[in-house]
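A.B. asks: Provide a 3D model corresponding to the input given below.
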Amino acid sequence: MQNFQDKRARRKLLYSHATILLIVLVLIWLAHAVWGISQKRSIALQGREAAESELNVLRNRKQVLEDDIARLSSPDGKEVEIRSKFQVAKPGEEVIIIIDEGVYSEATSSAVKADKSFWDVIEEFLSRF
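C.D. replies: From the prediction side, this is the model:
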């Protein structure tokens, strides 16, 4: 009989409002903790993706710089770079300018027009009528 009364007392304690409330509060606290961990995981994954992207950009930049160093380590590479940056020529070299034919004809026709005097322009204008 004593055993039966002990079970009843335990059951009464377990199913009491205070115990149930305590269990619910613990479950809410655990759910909140899990939610916080989930949010932190999401932020960490975004940070990882950003870091990996930056790493790829830096690796590409490193490769470009290594290629530039290799190109500039040779005398020909140095010469090409100096010529492109400073527009210099070796002694005895001359500059050749290639002009498109259409552009050249427009430039020469405007130059010919500039050689006419004021009276020639007026005469040309009046001769149109």
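A.B. asks: low-confidence regions, this structure specifically.
C.D. replies: Residue ranges of the chain with pLDDT under 70: 1-2, 4, 102-115.
A.B. asks: break it down into its structural domains.
C.D. replies: Following automatic domain parsing, one finds the domains of the chain at 2-96, 97-129.
A.B. asks: just send those back as TSV, with mean neighbour count too.
C.D. replies: Using the backbone N, CA and C atoms, a C-beta is placed for each residue, glycine as well. TSV is the format used below for the domains of the chain (neighbours: other Cβ atoms under 10 Å):
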stretch	mean neighbour count
domain 2-96	10
domain 97-129	9
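A.B. asks: can you say which helix or strand has the spatially most central residue of the chain in it?
C.D. replies: The chain has Val57 as the residue nearest its centroid, 8.5 Å off, counting by Cα atoms, centre = their mean. For Val57, the element it lies in under DSSP states H and E is helix 17-72.
A.B. asks: which secondary structure elements does that helix sit against?
C.D. replies: helix 75-86 (3 or more Cβ pairs under 8 Å, 6 or more residues apart in numbering; DSSP states H and E).
A.B. asks: which other helices and strands does the helix it packs on contact?
C.D. replies: Packing contacts for helix 75-86, counted by 3+ Cβ pairs under 8 Å, 6+ apart, involve helix 17-72.
A.B. asks: can you do 6 Å?
C.D. replies: The helices and strands touching helix 75-86, judged by 3 or more Cβ pairs under 6 Å, 6 or more residues apart in numbering; DSSP states H and E, number zero.
A.B. asks: so how far is it from its chain's centroid?
C.D. replies: Computed by Cα atoms, centre = their mean, to the nearest Å, the chain-centroid distance of helix 75-86 equals 29 Å.
A.B. asks: list of residues touching that helix?
C.D. replies: For helix 75-86, contacts defined as Cβ atoms under 6 Å, 6 or more residues apart in numbering pick out Arg71, Leu72.
A.B. asks: if you set the cut-off to 8 Å instead, what comes out?
C.D. replies: For helix 75-86, the external contacting residues (Cβ atoms under 8 Å, 6 or more residues apart in numbering) are Ala70, Arg71, Leu72, Val88, Ala89.
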